[in-house]
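Engineer: Next comes the sequence, and after it the predicted model I'd like to discuss.
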Amino acid sequence: MKFEQFIAGSWQEQYQYRSFDPTTVNRQWQWESPDINTLLEKASRSLAELDAFTLIVPDVDLFIQMHITKEANTSSRIEGTQTQMDEAILDVSQLAPEKRDDWTEVNNYVQAINNAIDELSNVPLSNRLLKQTHATLMQGVRGENKTPGEFRSSQNWIGGSNLNNAAFVPPHPNKVTHLMSDLELFWHNENIYVPELIRVAISHYQFETDPPILRW
């Protein structure tokens, strides 16, 4: 499949709304645009420079942990939490009671990421690992009763107040398992010869287009 010929997917009529079915990605990828090669070279060079910095940072594990906490805080704020960065690194006992629920959501995010990284030494990147990570994310917070650790079984949407005026409606729940199975095959398909950054970019696009879990 050439990038230039790729069709992202198609809109499917559901009851009173339309959902988007993304094209599967477990296939060989090619491209003709020289711009992609140039951007790929720049990205790879930037990653190499970042890796070099790890040799001079006194405590690289603490450095990485702070970035994980920052990412957790930023991501959780999208969902409505109000925890600030300085609060996220405090012990929960140091926070006012009204701030502790938001703190728990941020710290669940940190714990979920750390657990997933640790588990990669035992299990490969997989749907199983994604579900385990989601279960950790949802412990004791909003949405903990919405099938934590399982792919979604209800229709979600982005923007708008309902499915009829939503900005984007991802695939119907009955398509999620098939699409995520295809994505997992793509992660480990050794017959697909593309740079890892390309594989990561395609995976991120597909995961965001087909969000398999319900956060809240």
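Structural biologist: Yep, that arrived. Residues are numbered from 1 along each chain as shown.

Engineer: drop to CA atoms for contacts and neighbour counts, all remaining ones
Structural biologist: OK.

Engineer: for the protein, which spans come out with low pLDDT?
Structural biologist: Within the chain, the ranges that satisfy pLDDT under 70 run 77-81, 143-145, 214-216.

Engineer: Just the helices from it, written as ranges.
Structural biologist: 34-53, 60-78, 85-88, 100-119, 127-137, 173-188, 196-209 (DSSP state H).

Engineer: what comes into contact with the shortest one?
Structural biologist: What that stands for is helix 85-88. With C-alpha atoms under 8 Å, 6 or more residues apart in numbering as the test, helix 85-88 has contacts from 69-70, 73, 95, 103, 106-107.

Engineer: Which one (most neighbours) among those residues?
Structural biologist: Within the contacts of helix 85-88, residue 106 tops the neighbour count with 31 neighbours, counted by other C-alpha atoms under 10 Å.

Engineer: end-to-end on stretch 183-198?
Structural biologist: 14 Å (C-alpha to C-alpha, to the nearest Å).

Engineer: buried stuff in it?
Structural biologist: Residues of stretch 183-198 classed as buried by neighbour count (16 or more other C-alpha atoms under 10 Å): 183-184, 186-187.

Engineer: Repeat that for stretch 82-91.
Structural biologist: Neighbour-count burial for stretch 82-91, counted by 16+ other C-alpha under 10 Å, picks out 82-85, 87-88.

Engineer: Nearest to residue 195 among these?
Structural biologist: Proximity to residue 195 was ranked across the buried residues of stretch 82-91 by C-alpha to C-alpha; first place goes to residue 85, at 34.5 Å.

Engineer: Pretty sure residue 154 sits against residue 170.
Structural biologist: No: taking contacts as C-alpha atoms under 8 Å, residue 154 lies outside contact range of residue 170: 10.9 Å.

Engineer: More neighbours: these two, which one.
Structural biologist: More crowded of residue 154 and residue 170, by other C-alpha under 10 Å: residue 170, with 22 against 11.

Engineer: Backbone dihedrals for the more buried one, please?
Structural biologist: Note on residue 170: its backbone torsions stand at phi -70, psi -180 [degrees, to the nearest 10].

Engineer: Now for it: which residues touch it?
Structural biologist: With contact taken as C-alpha under 8 Å, 6+ apart, residue 170 is in contact with 19-21, 155-157, 209-211.

Engineer: what's residue 44 in contact with, if anything?
Structural biologist: Contacts for residue 44 were tallied using C-alpha under 8 Å, 6+ apart; they are residue 197.

Engineer: go with 7 Å
Structural biologist: Taking C-alpha atoms under 7 Å, 6 or more residues apart in numbering, we find residue 44 in contact with no residue.

Engineer: what about it, distance to residue 66?
Structural biologist: From residue 44 across to residue 66, the span is 23 Å (C-alpha to C-alpha).

Engineer: Then residue 97?
Structural biologist: Residue 97 sits 24 Å away from residue 66, going by C-alpha to C-alpha.

Engineer: I appreciate the help and will end here.
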